[in-house]
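Visitor: sequence and predicted structure are below.
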Amino acid sequence: MRAHEADFIRDSAEMAARASLFRTESRWGLYHHRLDYPEMDDANWFVHVNLKKGEDGEMKRFRRPVEPYVVPLGAEELRTYHRLRIETMAA
């Protein structure tokens, strides 16, 4: 049982890493900050990144649109994300 649990944990970590590397932007403050892609890219990446196992057993990555919010967000709420971002990197 513990061996299966460890295998599932490892698979989950690999899936999270692959999805993060697929996304060529920074988003969600410190949760997904890439030095090689420091800016957000809403035109191409305001999406969910999903993974599934392909016919060959390999993980396939794909984008899925973000559904409209059930409760409309005001302008101030939409800007909340930007207050989470690091404006300058520490020396």
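Guide: Alright, I've got the coordinates. Numbering: from 1, shown residues only.
Visitor: now the spatially most central residue of the chain: closest residue in space that isn't a chain neighbour?
Guide: Central residue check for the chain by Cα atoms, centre = their mean: the C-alpha nearest the mean position is that of residue 20, 5.3 Å away. What sits nearest to residue 20 in space, not counting adjacent residues and going by Cβ to Cβ, 6 or more residues apart in numbering, is residue 32, at 6.1 Å. Quick note: C-beta positions are derived from backbone N, CA and C, even for glycine.
Visitor: quick one, what contacts the one you found?
Guide: With contact set as Cβ atoms under 8 Å, 6 or more residues apart in numbering, residue 32 has these partners: 20, 23, 26.
Visitor: any idea how far the helix ranked longest in the chain is from the chain center?
Guide: Among the elements of the chain assigned as helix by DSSP state H, the one spanning the most residues is helix 2-22. Taking Cα atoms, centre = their mean, to the nearest Å, one finds the center of helix 2-22 at 15 Å from the center of the full chain.
Visitor: got it, and stretch 30-43?
Guide: Its chain's C-alpha centre and that of stretch 30-43 lie 10 Å apart, by Cα atoms, centre = their mean.
Visitor: the strands in the chain, which residues?
Guide: For the chain, the strands defined by DSSP state E cover 47-53, 59-65.
Visitor: what is the mean pLDDT for stretch 71-83?
Guide: Model confidence over stretch 71-83, given as mean pLDDT, is 74.
Visitor: oops, could you answer that again for stretch 16-36 instead?
Guide: Per-residue confidence for stretch 16-36 averages out to 86 on the pLDDT scale.
Visitor: what about it, how long is it end to end?
Guide: 18 Å (Cα to Cα, to the nearest Å).
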